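1. Here is a sequence together with a model predicted from it:
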Amino acid sequence: MEATIHWEDFELGQTRPYGPMKVTREAIIDFARQWDPQPFHLDDAAAEASLFGRLAASGWHTCAMTMRMLCDAYLLNSASLGSPGVENLRWLQPVYVDDVLSGTLAVLESRASESRPGMGLVRSRWTTVNQHAQAVLTMEGWGMFRRRG
């Protein structure tokens, strides 16, 4: 499948929605078992005794769910060349069973690469919110995309 979204399609100030995704108990526990086996991500009693008060998704799981929504919303249809990293990652609210996540990408900066003429760079802020419009995650970072032509 040929990419339809290129560097030129990311304009300063532009926003792109992503999501929604419903968070399930099974997904929280499965992710935690494999990647972040802290008790409050795995066990109801431990979660109730924690600051979360009930079973909560790992922040890393929230990142992974955000990435999946970004892929589904635009990345899999883009001329993405990857990313040099993420900056300013913040977990702002816990994510619980049955939360419905969605979000918005905001383009903060866009510039052509000086060293690679076929590539452009896009700096974005991603904000993931729950069904109550409470931000649960924010992060900023650069994406690298092929240019048209």
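-> Sure thing, it's come through.
2. Mind jotting down where the helices sit in the protein?
-> 25-35, 39-42, 44-48, 59-73 (DSSP state H).
3. between the ones you listed, which one is nearest to residue 136?
-> Closest to residue 136 of the helices of the chain is helix 59-73 (C-beta to C-beta; 6.1 Å). Bear in mind the C-beta positions are built from the backbone N, C-alpha and C, glycine included.
4. picking up where we left off before, with mean neighbour count and mean pLDDT as added columns, please give the helices of the chain in JSON lines.
-> Output for those, formatted as JSON lines (neighbours: other C-beta atoms under 10 Å; pLDDT from 0 to 100):
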{"stretch": "helix 25-35", "mean neighbour count": "15", "mean pLDDT": "98"}
{"stretch": "helix 39-42", "mean neighbour count": "19", "mean pLDDT": "98"}
{"stretch": "helix 44-48", "mean neighbour count": "14", "mean pLDDT": "97"}
{"stretch": "helix 59-73", "mean neighbour count": "18", "mean pLDDT": "98"}
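5. Could you pull up the residues touching the spatially most central residue of the chain?
-> The chain has residue 66 as the residue nearest its centroid, 2.8 Å off, counting by C-alpha atoms, centre = their mean. Contact analysis of residue 66 by C-beta atoms under 8 Å, 6 or more residues apart in numbering lists 18, 101, 103, 126, 128, 137, 139.
6. For the second one, which non-adjacent residue is closest in space?
-> Nearest-residue entry for residue 101: residue 21, 5.0 Å, with adjacent residues in sequence omitted and distances by C-beta to C-beta, 6 or more residues apart in numbering.
7. what number of residues lie near residue 105?
-> 23 (other C-beta atoms under 10 Å).
8. From residue 28, how far off is it?
-> From residue 105 across to residue 28, the span is 24 Å (C-beta to C-beta, to the nearest Å).
9. Output the below-cut-off pLDDT ranges for this structure.
-> The model of the chain has pLDDT under 70 over residues 1.
10. again, 80 this time
-> 1, 149 (pLDDT under 80).
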